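In: Just a sequence and a predicted model for now, questions to come.
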Amino acid sequence: MGPFIGSEAVASGSVTPHALRSRFVAIHPAVYLPAGTELTARLRAHAA
């Protein structure tokens, strides 16, 4: 799973608010990745 906008994922039902807080990490305001994902410069730039 790549970077995604948290509010859109919650609105579509892909992720619950609890799962968003506990299983994902914010790398930019409102942009999330699964916890434990290796964060590279390329991935951070892609998410921006």
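Out: Cool, got the structure.

In: all strands for the protein, in order.
Out: Per DSSP state E, the chain carries strands over the ranges 4-5, 24-28, 31-34.

In: Ok, which of these comes nearest residue 15?
Out: Taking CB to CB as the measure, the strands of the chain were each checked against residue 15, and strand 24-28 came out nearest at 7.4 Å. In this view, the C-beta of every residue, glycine as well, is placed from N, C-alpha and C.

In: now this structure, which segments are flagged as low pLDDT?
Out: Residues of the chain that meet the criterion pLDDT under 70 are absent altogether.

In: For the residue nearest the centre of it, list each beta-bridge partner.
Out: If you average the C-alpha coordinates of the chain and look for the closest C-alpha using CA atoms, centre = their mean, you land on residue 32, 1.5 Å from that point. Going by DSSP bridges, residue 32 is paired in beta bridges with residue 4, residue 26.

In: and stretch 20-36, how far from the chain's centre?
Out: Relative to the chain's own centre, stretch 20-36 is displaced by 4 Å; criterion: CA atoms, centre = their mean, to the nearest Å.
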